[in-house]
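Chemist: Sequence plus the predicted model coming up.
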Amino acid sequence: MTLDRLDAPAPRLVVRLPDQGWLGGVCAGIAAYLGVSPLFLRLIFIVLASWRLTGVLAYVLVWLIVPLMSDAPDAPGLDAHRRAGLRPQGAAAQAHGPGDWGQLIALALFGSGLVWIVQRSGLGLPTNWFLVGVLASGGLALVWWQADHASAKDLKASDGPFAWLLPLLANWTTALALGVGLLAGASAVVLTAMLLPLGEGAVASRTLAAIGLALVGLAALAAPWLLRVRRALVQAREARIVSDARADMAAHLHDSVLQTLALIQKQAYEPHEVTRLARRQERELRTWLYGTEVPMATLKAALADAAQDIEDDFPVNVEVVVVGDAELTPQLAELVKAAREAMLNAAKHSGAPLVDVYAEADADHVEVFVRDRGRGFDPAAVPEDRLGIDKSIVERTRRHGGTARLRSSAETGTEVTLEMTR
């Protein structure tokens, strides 16, 4: 059902939880997402790793692809709650108890025994290549683990081109782990170059192979930083877009809604003026929120714009209803000007609080009715020097192929009918 989809919560993201895991937080993150025990997933990875290091490769790929919990984007509204102090900045790291250490030792013994059985049975990798895989994966794990635990605060507070190194060298244990990881990776590169079947005495080929493998290794070691930088850039761009949208909204509300409210407070004892200001602001706000503004190249848009001008200048409400629509040709533009003049006369002289405008357009004909229920007048008694009706309405419409009729009485008000063929 559509309502179920609308009411459903936003989908959760898979994130790594290194503070709740032993290495990269892969098993802890996936287990939290699936609602299963991390021990179950760790056993699966260990079993896969015993056969040609398949589980190690899978773990490394997931480690590389899945973001850290601190790097994952928040759901809408959570960032605002954090800024307001209603949400903690982050969960504290969970200390591993004796039971966790016992589980780690048991898993390590189980994995070592399983690997030994597979290797002895001949189903695993050759010994030399197995050693290369262990060195490479161990080096990657140490370096990437340090990348995950590098302090973002220390990084932001540091300046200079090598500021990103400071969190990694914050203490001797971190530097030692990083050095061991780099040494293990370099050893894996050298062993791989020596094991390649390039023939005897192919010194140059082995040197080139070692250089190529070293570049690949450096790219693999730098992958966590590159991905975190990319995610940080994306988040910064999204934050800038949100900030710009908030600034635009604040400016629009200040220039429109707040100004209108100030005018309403000053004219609180003039109900007609308050109503006019409120209706005008409602129309502008709906147009801004929902994008209902119609391009000015149509009859409907031109009549609405003319009515808005009248409402802005006089304390009247102009209700516009248009059935159908038509492209605003030069002839119809003159018809709109005549209709605007009729609205202006009604606003200035009728005394009515409301002016109704009804337009109907079909394939070959357009009609516009402008009516008020205020004080009517005798068209024959209009002085000759008052040219609003004759020149701006009747003759203007006639010059462009249309007709204009006027009917007015003191009891029912005034109605102007404009017709034109397309």
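Modeler: Thanks, I have it.

Chemist: now the helices: where do they sit in the stretch 301-422 of the chain?
Modeler: 330-345, 396-399 (DSSP state H, counting those that start in this stretch).

Chemist: and of those helices, who's closest to G324?
Modeler: The closest of the helices of the stretch 301-422 of the chain to G324 is helix 330-345. By Cβ to Cβ, the value is 12.4 Å. (Each C-beta comes from the backbone N, C-alpha and C, glycine too.)

Chemist: hmm, who's touching that closest one?
Modeler: For helix 330-345, the external contacting residues (Cβ atoms under 8 Å, 6 or more residues apart in numbering) are 299, 302-303, 306-307, 309-310, 318, 326, 328, 355, 357, 359, 366, 368, 370, 388-389, 392-393, 396-397, 399-402, 404, 414, 416, 418, 420, 422.

Chemist: quick one on the thing from earlier: out of the helices of the stretch 301-422 of the chain, which is the most enclosed?
Modeler: The highest mean neighbour count among these, using mean count of other Cβ atoms under 10 Å, belongs to helix 330-345: a mean of 21.

Chemist: Dump the C-alpha coordinates for that one into CSV.
Modeler: Output in CSV follows, covering the C-alpha atoms of helix 330-345 (Å, rounded to 0.1, in the frame of the first residue of the first chain):
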residue,chain,number,x,y,z
PRO,A,330,-0.3,40.5,-29.0
GLN,A,331,-4.1,40.7,-29.4
LEU,A,332,-4.8,38.9,-26.1
ALA,A,333,-2.2,41.0,-24.4
GLU,A,334,-4.3,44.1,-25.2
LEU,A,335,-7.4,42.2,-24.0
VAL,A,336,-5.6,41.7,-20.6
LYS,A,337,-4.8,45.4,-20.5
ALA,A,338,-8.4,46.2,-21.0
ALA,A,339,-9.4,43.7,-18.2
ARG,A,340,-6.8,45.3,-15.9
GLU,A,341,-8.3,48.7,-16.5
ALA,A,342,-11.7,47.3,-15.6
MET,A,343,-10.3,45.8,-12.4
LEU,A,344,-8.7,49.2,-11.6
ASN,A,345,-11.9,51.1,-12.1
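
Chemist: what about the closest residue to L303 other than its chain neighbours, how many residues close to it?
Modeler: Spatially, and ignoring its direct neighbours in sequence, L303 is nearest to V320 (5.4 Å; Cβ to Cβ, 6 or more residues apart in numbering). Applying other Cβ atoms under 10 Å, we find 20 residues neighbouring V320.

Chemist: can you pull the contacts of V320?
Modeler: 300, 303-304, 307, 357, 359.

Chemist: re earlier: closest one to G55 among the helices of the stretch 301-422 of the chain?
Modeler: The nearest among those, by Cβ to Cβ, is helix 330-345 at 74.2 Å.

Chemist: The closest one - what's its average pLDDT?
Modeler: Helix 330-345 shows a mean pLDDT of 91 in the predicted model.

Chemist: do stretch 366-384 as well
Modeler: 83.

Chemist: Other residues contacting it?
Modeler: 299, 303, 326, 332, 335-336, 339, 342-343, 346, 349-352, 354-361, 389, 406, 408-422.
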